[in-house]
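1. Below: sequence and its predicted model.
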Number of protein chains: 2
Amino acid sequence: MEFWFTEEHSDDVRFSMRIKRHLFSRQTPYQQIDIFESVEFGKVLILDDSVVITEKDEFIYHEMMVHVAMAAHPAITNVLVVGGSNGGVVRELIKYPNLIRIDVVEADEELFRACRLHFPKLTKSLDDPRVNIRVSDGMKYVRKHNGVYDLILIDSTDPFGPNEPLFTREFYGNCFTALNADGILVTQQESPFYPKTAEAMVKAVARMRQLFPIVRVYQAHIPSYPSGLWLFSFASKTIHPFHDLEIRAWEALKLSTRYYNGDIHHGCFALPNTIKEDLLNETQR
Amino acid sequence: MEFWFTEEHSDDVRFSMRIKRHLFSRQTPYQQIDIFESVEFGKVLILDDSVVITEKDEFIYHEMMVHVAMAAHPAITNVLVVGGSNGGVVRELIKYPNLIRIDVVEADEELFRACRLHFPKLTKSLDDPRVNIRVSDGMKYVRKHNGVYDLILIDSTDPFGPNEPLFTREFYGNCFTALNADGILVTQQESPFYPKTAEAMVKAVARMRQLFPIVRVYQAHIPSYPSGLWLFSFASKTIHPFHDLEIRAWEALKLSTRYYNGDIHHGCFALPNTIKEDLLNETQR
């Protein structure tokens, strides 16, 4: 018997992985959760039919969500993670001894439970004493806080489902207020290759540029995601993502990473002309 | 009716694109050639069941094959392209007014003809008066030349089919001899994500390191290729790919590119730790 999971990257492009077992399937009030064990990618978390993480390449996404901002701003002590219920972002954060507080806010309690059961290597990071979990709507949570975070990480799914509010000007404005005077907002911004997500990305970045003095887009290669090219945005009140970088200080921490390093930190901000032009056109509109 | 082309990226991963029409299909003495018209990627050239170029993203591959070396070594005048029958590499080369001679060597005359028929926008570059086409075996052709080229570009398919000889120590040695004292060899080196091609890449790079004083690996995102991450190698007798770069001189040429730029030139050499370690382990073996 052949057993395959197929994701539609566009109406006309499909990506399929051979599956050993379907481990979990549940419709929650927020989304459809599925967990498969695949041959090539190990265990795979799927939300609403899209790959969210695979054991084989999740390290790329999680390292790039965390270390770019942490290296650029070594004084970070208080972090908010919106989403992040699988623990991958927090696993990278707890590598930093100087972090004092990591708040993780995720609305879907069933997703927490499913990840605890099937991704224990990732979710054990959530047991770190500095981590505080809030089962709550990220939008509402951020609105109630003022000047308390050095870093907010938005570890969301795509901007077309339940996480659409996390890509709005209102939400980014609330994040700006929840950050302190040197605060940084990092969000995942989908693939720039397929038109639907590319348009959402340039609009989201333009919204941030109305609020934050410094907004830069950076990239990573994530093979299990559509097109293999993934974007993140770095929005900051005062700290520049690479002009202010002292990579020697980060290297002195001797953190173990499999993707991120000092070369990648600079290299990831080098965008192809096509993406630069898309961003420029939207900003000038 | 649904009509899809599916490429097996590994035994357990498949990438499929919706097809409008099958335009061409022929088994030649060298390979199986197919040309499809796809919905998402435009026309697609397939050799032995693997995507070689698509109209939508071929610019990434071709720009990155050519401009990294051309920017690093502005005195290049004589270039050899092994493969390159679709004209994409030559389209990028003829943008340089100071190039005097571009020799294109490809064994499969049927492939030339098929590309002429179905990719005329690409192959029209082959009509440039500086271009000399040789229908010949690349391996044999290179062996007969000594110290005549500033740059050799190996625009081959993967190292497991008819192009396997183009990844051997013998061939790299012949390229070394065919290059002049400041010569550069650029080759495509497949994806580092799937084990089979990753092993071939580290072995090929180790072979080059036995011959060339400077060997560096660089990357590009090519969505229609396996994993979306693609590697190239830059092997050189004297010129360093980025320490010797004078990007202002390249920018002064005002060439139109859609992917390559000065930031990308530096950023493309920033490799993830996993790839760095694979390369280091092979070199130390």
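-> Right, received. Where do you want to start?
2. Please identify the pairing partners of the strand ranked longest in chain A and their relative orientation?
-> Taking DSSP state E as the criterion, chain A has its longest strand at strand A:13-27. Under the criterion DSSP bridges, strand A:13-27 sits next to strand A:4-10 (antiparallel), strand A:32-38 (antiparallel), strand B:13-27 (antiparallel) in its sheet.
3. got the buried residues for it?
-> For strand A:13-27, burial by neighbour count (16 or more other C-beta atoms under 10 Å in any protein chain shown) applies to A:13-19, A:23-24. Yep, even glycine has a C-beta here, placed from its N, CA and C like the rest.
4. So what sits opposite the most centrally placed residue in chain A in the bridge?
-> What sits nearest the mean C-alpha location of chain A, by C-alpha atoms, centre = their mean, is residue A:155, with 3.5 Å. Taking DSSP bridges as the rule, residue A:155 bridges to residue A:83.
5. And it, how far from residue A:168?
-> 17 Å (C-beta to C-beta, to the nearest Å).
6. again, but for residue A:241
-> 23 Å.
7. And these two? Which one has more around it.
-> residue A:241 (24 against 15; other C-beta atoms under 10 Å in any protein chain shown).
8. Would you quantify the distance from that one to residue A:251?
-> With C-beta to C-beta as the criterion, residue A:241 and residue A:251 are 17 Å apart.
9. now swap in residue A:272 and tell me
-> Per C-beta to C-beta, residue A:272 is found 28 Å from residue A:251.
10. okay, residue A:164: pLDDT?
-> pLDDT for residue A:164: 86.
11. need the contact list for the residue in the stretch 51-200 of chain A positioned nearest to chain B.
-> Distances between the stretch 51-200 of chain A and chain B by C-beta to the nearest C-beta are smallest at residue A:193, namely 5.0 Å. Taking C-beta atoms under 8 Å, 6 or more residues apart in numbering or on different chains, we find residue A:193 in contact with A:226-227, A:229, B:57, B:223.
12. What backbone torsions are found at it?
-> Backbone torsions of residue A:193, given as degrees, to the nearest 10, read phi -90, psi -40.
13. pLDDT wise, what is it at?
-> 93.
14. contacting residues for whatever residue of chain A ends up closest to chain B?
-> At 1.7 Å from chain B, residue A:228 is the closest residue in chain A, using C-beta to the nearest C-beta. Contacts here follow C-beta under 8 Å, 6+ apart; on that basis residue A:228 touches A:221-222, B:221, B:223, B:227-229.
15. What separation do you get for it and residue A:251?
-> 28 Å.
16. try residue A:97
-> For residue A:97, the distance to residue A:251 - C-beta to C-beta - is 15 Å.
17. Who has more neighbours out of those two?
-> Between residue A:97 and residue A:251, residue A:251 has the larger neighbour count (other C-beta under 10 Å), namely 12 against 7.
18. what's the more buried one in contact with, if anything?
-> Contacts of residue A:251 by C-beta under 8 Å, 6+ apart are residue A:262.
19. That one sits in which helix or strand?
-> helix A:247-252 (DSSP states H and E).
20. What separation do you get for the nearest residue to residue A:58 once chain neighbours are set aside and residue B:17?
-> Closest residue in space to residue A:58, ignoring its immediate chain neighbours: residue A:88 at 5.3 Å, by C-beta to C-beta, 6 or more residues apart in numbering or on different chains. Distance, residue A:88 to residue B:17, by C-beta to C-beta: 30 Å.
21. pLDDT weak spots in the stretch 151-285 of chain A?
-> Applying pLDDT under 70 to the stretch 151-285 of chain A flags the ranges A:283-285.
22. how about the residues of it near chain B?
-> The stretch 151-285 of chain A comes close to chain B at residues A:193, A:219, A:221, A:223, A:227-229, A:257-261, A:263-264, A:266-274, A:276, as judged by C-beta under 8 Å from any C-beta of the partner chain.
23. what's the closest non-adjacent residue to residue A:109?
-> residue A:135 (4.8 Å).
24. And for the one you found, the neighbour number?
-> 13.
25. quick one: contacts for it?
-> A:106-107, A:109, A:112.
26. Between those, which sits nearest residue A:65?
-> Distance to residue A:65, by C-beta to C-beta, is smallest for residue A:106 among the contacts of residue A:135, at 14.8 Å.
27. wait, doesn't that closest one sit right on residue A:84?
-> Yes: contact criterion C-beta atoms under 8 Å: residue A:106 and residue A:84 qualify, at 6.6 Å.
28. if you count what's nearby, which of the two comes out ahead?
-> More crowded of residue A:106 and residue A:84, by other C-beta under 10 Å: residue A:84, with 30 against 24.
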